[in-house]
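# Predicted coordinates and the sequence they were generated for:
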Amino acid sequence: MATKHAKVDVVTIGAGWTSAIIGAKLCPKGRDVVALEQGPQRWGYPDFAHDHDSLRYSGRYAMMVDLSRETWTWRPSPDKPALPMRQYGSFNPGEGLGGAAVHWSGQLWRFMETDFNHRSYVVERYGAKRLPAGSTIQDWPVKYDELEEYYDAFEYDIGASGIAGNLRGEIQPGGNPFEAPRQRPYPHPPLGTNRFADIFAAGCDKLGLHPFPQPAGILSRAWTDPFGNHRSGCLYCGFCTRFGCEVDAKSSPQTTHLPVALATGRYDVRLGCKVLRIETGGDGRATGVTYVDGQGEEHFQPAELVLVSAFTLENNRLLLLSKGGKHPNGVGNDRGRVGKNYTYQIYPAPIVGLFEGEKLNMYMGNTCTINIIYDYNGDNFDHSDLDFIGGMQLYSEPCEREPFNSVKGLTTEDGKSWGAAWKQQLGRDWDSYASIVTEGESIPYEDQFVDLDPHYTDKFGNPLLRISFDWHDNEKKMWRFVAKRAQEIMAAMKPTRVVKFQPEIPAYNIHDYQSTHPTGGCIMGTDPGTSVTNGYGQVWDTPNVFVTGAALFPQNPGANPTGTIGALTYRTAEALLDRWFDDPDELLES
Amino acid sequence: MDDTRERRLQLTRGKLLKLAGGGAASVGLISLPGCGGDGEQTVESSLADANVDAPQIRSYPYIPSQLPLNCTVLSFFTQPEAQDVEAFTARLIPGSADDPGAREACVTNFIDRKLAEHKSFATTTYFRPPFAKPAKDHPPGFADGTIYVSEDDLPRYGFQSSLTPQQTYRLGLKELDAYSRSLHGKPFRALSDGQQDAIIGDLEDDKVKSFEKPTGSGFFDLLQKDTLDGMFADPIYGGNRDFAGWRLIGYPGAQRSYTAAELKDGPNKRTIQSLVEMQAMHPGRPDEHVILPISGSRRLARRAR
């Protein structure tokens, strides 16, 4: 018999960043929030004071979701078998207080204006027949202009570092000339860049491209934030992605919104608690969630509003697992849309160069101490005579290189990564080689989706989420084009030799780390027939359930999601406070 | 041999005698090569008691263990197994006293500790059936409790073995021993460098038919991964002795910080160090670049006072 708790205003799945934002916005206004977090508690200092341990955090994934409890299955296409990702690979969802926003890289973006009307933009500029076969690209229900003030607020609250490229329509030197107009510059100057980033930028300059430093959710200088948190500037220690920051230079819920929410006494985090499903009543509304605590005891937490605020993949699974009553196929899934428009991100490196005699200082800094170009992202280049749509960022290889997992990256000319010749080369060149990396957009297709796996279950006996995903023709062609551009840039950088060039995109696999940006599946839209939620993340068929995070993205642009997730959550929090609680059965209108 | 190394070995010998109650012990991977013969005897260190699920490490704050002192006590491997493993790792990363490789860096000790410290995997692993089989005589798909996957696709799914690392070593080393003896009449550890290299190359390319469970490449991959981990992870895990791996590649180990200028110009003088040797953090003033953060729980605690 499940223990029944007193009803609260909001229950959130996980205590990650979007949950913390909702808590920080709603709790000071008198709303009670319960956050059910499957992992442990952790704070910057002293919990991470001695975490410069590559093997523990990068090698053994100490901050990630416990795969022995649950994982995800994958298959390249619906006609092939799906197998579980038994050990970490393609993506690294986190668990514990603050969620993945504690071990994230800090790459902080706004999406471009055209990303928000992707479909209509392509159709208008190039014609409908240029939409790739089988693709289900949609316009977002929210446009950049509506989101700008929320992007701005999020960046100023968390302390973003960077150079503005477009200030109220005027292009600024040193920034990203392709970015959408921003009202204010970044609150902090950009982080430093490393030796290799500067070689990359010089190569781009020679070719007339537009390199700029990575905008970061990492402080470039010490700062007391608007909430009263004192935070250090970045120490460039080289232990950032997959690590917690011991000086709170990297922005996380712990350094920003969690203290605000917790200080009200109305934000109740329950650790070690795994939510199993959303419960619904006879009228189809959500009544709360059922969860299991660390002792294995079952609980029911009633709530006026259920915030589906876990990682993208878990948000999809949770909606699908919440079957019953008026929602036999799961909450949000009355029209069979949950899991559709699942997208990812293109990451691998098309080209690796060796710069003999140079020390590139790859082991210092972090993923944001790099330079980037946007010249080949989105529609920043004319696609009229090309055979694909969309594009990719190109950037100098992220820093914080760790020895144990990078030494295999430099193979001998006959492809070997062991033996005396390999060892000798490694000793000479370990810090003298580096790659140009892509980060490309991923568009949705009819045969690319997530659903429940029929064979594999988690520790509680519930089906795992099954991912059907592979690169399609558009991505293959995009890669071919952008890899050639990377080759031109590398040539301009004058390496001793090219160690590796990958002219074709490698087949997608689940074992190499690529990006923790699986997106979509619970997408926002304007039509309940082709989306799961409205522009606020409010689920069409269950209006007191809201989804947050990247599961809402109709497709994934060529940039990391966190900035947009923050902005969307700020906007939703405002709508909840201003309107929703007054009339909780109404669908919010833009 | 420098003083530190000498001191460590002395400590090791003293400790060993104590552990073994003064009797014969299966020891000597470095200090007493070949001394134990082919006996199957194993000294169980206290590590075997630890035997924890992966990850053993979810609690915060993280307090790293101290640097291990000895390189020779075995907790998982028998001595012949350890000698084969050491011979294997020493071909993957060959070395000498002047230019240390896997043997000199105590990589075998790292692997032995890892296998003893964990019940099975050192990283969280989904280990529920069904396990996949290559679709050789069977169409791809689910049948009779097994999932068949085309051989071309199978590598894309990553780790799919039904063996724990401990089983892979036990079974793989047994197979390696039998294969070496069938080819050359000697155990792997007694073969010439060239003979060992040829076998390792054939394992890597899955050319040794007798290796089925584990497969040759599965065995090679695990040994190579563990060798690289042992050579290049922090010395607290038992390998990378005297920073042999980090000295090789010019990596200074765990440092507290660098400056933006160092990102461009290279590091100021650094002492190579383990993460247990990192300087403590000192509280600073809010207007300094480096301050002890006062957000999160500390800030809440301050409010409460």
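Looks like it arrived, so ask away.
# tally of neighbours for B:Phe127?
Other residues near B:Phe127 number 17, with proximity taken as other Cβ atoms under 10 Å in any protein chain shown. All C-beta atoms are positioned from the backbone trio N, CA, C, and that covers glycine.
# and it, what does it touch?
A:68, A:86, B:120-121, B:164 (Cβ atoms under 8 Å, 6 or more residues apart in numbering or on different chains).
# again, but for A:Ile373
A:204, A:209-212, A:393-395 are the contacts of A:Ile373 under Cβ under 8 Å, 6+ apart.
# Quickly note the distance from it to A:Tyr433.
Using Cβ to Cβ, to the nearest Å, A:Ile373 is found at 21 Å from A:Tyr433.
# now A:Arg277
Per Cβ to Cβ, A:Arg277 is found 49 Å from A:Tyr433.
# neighbour count winner among those two?
Between A:Arg277 and A:Tyr433, counting by other Cβ under 10 Å, A:Tyr433 is the more crowded of the two (26 against 19).
# Chain neighbours aside, what residue packs nearest to the more buried one?
Distances taken as Cβ to Cβ, 6 or more residues apart in numbering or on different chains put A:Leu354 closest to A:Tyr433, at 4.5 Å, once the chain neighbours are dropped.
# what number of residues lie near the one you found?
18.
# Hmm, A:Trp430 and it touching each other?
No. Applying Cβ atoms under 8 Å, one finds A:Leu354 not in contact with A:Trp430, separated by 10.8 Å.
# ok, and the closest non-adjacent residue to the residue in the stretch 451-590 of chain A that chain B sits nearest to?
In the stretch 451-590 of chain A, no residue comes nearer to chain B than A:His511, which is 2.9 Å away by Cβ to the nearest Cβ. Leaving aside its chain neighbours, A:His511 sits nearest to B:Gly158 (2.9 Å; criterion: Cβ to Cβ, 6+ apart).
# Hmm, A:Gly89 and that neighbour touching each other?
Yes. Counting by Cβ under 8 Å, B:Gly158 touches A:Gly89, with 5.1 Å between them.
# Now do the shared contacts for the two.
Contacts common to B:Gly158 and A:Gly89, judged by Cβ under 8 Å, 6+ apart, are A:509-511.
# Tell me the one of these nearest A:Arg337?
A:Ile510 (24.9 Å; Cβ to Cβ).
# which residues sit against stretch B:271-281?
When contacts are defined by Cβ under 8 Å, 6+ apart, stretch B:271-281 is touched by residues A:45, A:49-50, A:52-53, A:246-247, B:64-67, B:234-236, B:243, B:246-247, B:251-256, B:292.
# do stretch A:117-130 as well
The contact list for stretch A:117-130 (Cβ under 8 Å, 6+ apart) reads A:114, A:131, A:137-140, A:143, A:379, A:383-384, A:389, A:443, A:554-555, A:557.
# Can you flag the buried ones in the residues you listed?
By the neighbour-count criterion of 16 or more other Cβ atoms under 10 Å in any protein chain shown, those include these buried positions: A:114, A:131, A:137-140, A:379, A:383, A:389, A:443, A:554-555, A:557.
# residue boundaries of the strands in the stretch 301-450 of chain A?
In the stretch 301-450 of chain A, strands defined by DSSP state E, counting those that start in this stretch lie at A:340-343, A:351-354, A:371-373, A:392-396, A:433-440, A:449-457, listed in chain order.
# same deal with the stretch 151-300 of chain A?
A:166-167, A:170-171, A:212-213, A:223-224, A:230-231, A:267-271, A:274-280, A:286-292, A:298-308.
# Would you tell me which of these gets closest to chain B?
strand A:230-231 (4.1 Å).
# Can you classify B:Asp197 by secondary structure?
Three-state call for B:Asp197 (DSSP: H, G, I helix; E, B strand; the rest coil): helix.
# wouldn't it be in contact with A:Ala421 here?
No. Counting by Cβ under 8 Å, B:Asp197 sits too far from A:Ala421 to count as a contact (11.5 Å).
# So those two - more neighbours on which side?
B:Asp197 (17 against 13).
# Can you get me a residue count around the closest residue in space to that one that isn't next to it in sequence?
Leaving aside its sequence neighbours, B:Asp197 sits nearest to B:Arg91 (Cβ to Cβ, 6+ apart; 5.7 Å). Look at B:Arg91: counted by other Cβ under 10 Å, it has 23 neighbours.
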